[in-house]
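Visitor: would you be able to build a 3D model of this:
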Amino acid sequence: MRILIADDHTIVREGIKMLLTEAYPSAEITDVSNAVVLLQKVSEKSWDVIISDISMPPGDSGLDALQKIKAIAPTTPVIILSMQSPEQYAVRAMKSGAAGYLTKSAATLELVKAVNIVLSGRKYISPEVATILADAFEHIGHKNSIENLSDRELEVFKFLASGKTISEISRDLGLSTNTISTFRGRIFDKMNFNNNMELIKFAIDHHIV
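Guide: This is a model prediction of the structure:
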């Protein structure tokens, strides 16, 4: 069995490898630190399961990489890991083709179970994520929903909500300031914000920051 792990934190990759090596002693486990190498590995050979962080700057986010992985290897199950609460990314991950979504805090207890489930051809959805998915379907089409934002727009939204400047976001994401300004404009249009204070208030009210 071949397992591919992608995370920009060495300690996280090592922890995941330890868990999986204990559960699957004969597995070939490869780990990479960014989305560029992740996609190279997916192109080079087939994998039984891929476990990817949702945020690996610079370059593609985990969700961007997920969509590209599904184009290259549509049948390969991908489990998305995140430090963020499921409310922010679980729906997006599943819509983008993820076979499962786990928070890193729950990975120690749930990762092996999740891998077993996705290897059987099913999706791994925790009770928490199932509730969030159900709520999301109830609110489809509602104005001012963060579901109206693209994955990159949501990423920029969160940086803006945390008080970061355009220049700081540009540096963190490895994108030009003009590109970040464009994303900011799209966010304001889609969410009907008039200023940063409205954006920050929305983020706080909806527990995004």
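Visitor: quick one: contacts for Ile29?
Guide: By CB atoms under 8 Å, 6 or more residues apart in numbering, the contact list for Ile29 reads Arg2, Ile3, Ile5, Lys17, Leu20, Thr21. Yep, even glycine has a C-beta here, placed from its N, CA and C like the rest.
Visitor: may I see the buried residues of the host helix or strand of it?
Guide: Here Ile29 sits within strand 28-32, counting by DSSP states H and E. The neighbour-count check on strand 28-32 (16 or more other CB atoms under 10 Å) flags Ile29, Thr30, Asp31, Val32 as buried.
Visitor: let's have those in TSV, adding distance to Gly97 and pLDDT.
Guide: Converted to TSV, the buried residues of strand 28-32 look like this (distance: CB to CB, whole Å; pLDDT from 0 to 100):
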residue	distance to Gly97	pLDDT
Ile29	22	96
Thr30	21	97
Asp31	21	96
Val32	19	94
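Visitor: what is the nearest of these to Lys68?
Guide: Distance to Lys68, by CB to CB, is smallest for Val32 among the buried residues of strand 28-32, at 14.0 Å.
Visitor: next up, the contacts around that closest one.
Guide: Leu4, Ile5, Ala6, Leu38, Lys41.
Visitor: from the residues you listed, which two are the most distant?
Guide: Spatially, the most separated pair among those is Ile5 and Lys41, at 10.1 Å (CB to CB).
Visitor: among the contacts of Val32, which ones are in strands?
Guide: In this view, the contacts of Val32 that belong to strands under DSSP state E are Leu4, Ile5, Ala6.
Visitor: quick revisit: which one's more surrounded, Ile5 and Lys41?
Guide: Taking neighbours as other CB atoms under 10 Å, Ile5 and Lys41 compare with Ile5 leading, 24 against 18.
Visitor: ok, and the closest non-adjacent residue to that one?
Guide: Asp31 (4.2 Å; CB to CB, 6 or more residues apart in numbering).
Visitor: just checking, the one you found touches Asp8?
Guide: No. The criterion here is CB atoms under 8 Å, and Asp31 misses it with Asp8 at 10.8 Å.
Visitor: on that earlier part again, which one of the buried residues of strand 28-32 is nearest to Ile54?
Guide: Distances from Ile54 to these, taken as CB to CB, are shortest for Val32 (14.8 Å).
Visitor: ok, the closest one to Leu38 distance?
Guide: Distance of Val32 to Leu38, given as CB to CB, to the nearest Å: 5 Å.
Visitor: shared neighbours of these two, anything?
Guide: Counting by CB under 8 Å, 6+ apart, the residues touching both Val32 and Leu38 are Leu4, Ala6.
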